[in-house]
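*Asks:* Sharing a model that was predicted from the sequence below.
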Amino acid sequence: MTPFPRTLRLNGQRLNVCGSGRAPGAHVYINPATGRVLEVYRARVIDTGPYYALGRVKGNSALSSVRIEHADFGRQLAVGERVLIGPITYHPAGPQAEHAWPAPHEFRRRPTQYELGIVVSVAVNGSFGWVEASHGGQRLFVHFSQVESGRLELGMRVAFRPAAGPKGPLALAIRQV
């Protein structure tokens, strides 16, 4: 079974998969109406902000940090989420995906159990902080974009999904309990 869907939609037109691309991690799609050939990559979101996320293509050092606009995906992406991106354009600030699609089901992260914890530290501007897990006392980094209510408060009891981030453990999908 191919790890990439047989077809994708881009600007109302259907793209058909053709096979592996030239670059590591790429698959080639063709637009039958125009003949345009596009390389599409499977990526994992490694960082997120208010306007765009950064994705990493495994096994491709040139695409270790690709900008993915939230507007291109239709919603804000979460750290650890898997997406398909492409085609890639190169800018002085680094590579950028022209479009993004949800990853096929077999490559999405399996849902993990929620854990309980308490917010033990919050930045002055409230944009990030730390959650301490109830079981084991592990401290996990949390960004306000992952908080359902959009704000962090010291002492807030929360439920979250633990995840491994590039700089250490993360708390995702945080909601107050």
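*Replies:* Received it, and whenever you're ready, just let me know what you need.

*Asks:* Could I get the contacting residues of the most centrally placed residue in the chain?
*Replies:* The centroid of the chain falls nearest to V45 when counting by C-alpha atoms, centre = their mean (2.8 Å). Neighbouring residues of V45 by C-beta atoms under 8 Å, 6 or more residues apart in numbering: 53-55, 68, 77-83. Placement of C-beta: from N, CA and C, glycine included.

*Asks:* what does A53 give?
*Replies:* 45, 47, 67-68, 70, 76-77.

*Asks:* redo that, cut-off 10 Å
*Replies:* 43, 45-47, 66-70, 73, 76-79, 81, 83, 97, 100, 145 (C-beta atoms under 10 Å, 6 or more residues apart in numbering).

*Asks:* want to throw the contacts of V45 into a markdown table with pLDDT?
*Replies:* Shown next, in a markdown table, are the contacts of V45 (pLDDT from 0 to 100):
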| residue | pLDDT |
| --- | --- |
| A53 | 90 |
| L54 | 91 |
| G55 | 91 |
| I68 | 92 |
| L77 | 83 |
| A78 | 83 |
| V79 | 83 |
| G80 | 83 |
| E81 | 85 |
| R82 | 86 |
| V83 | 89 |
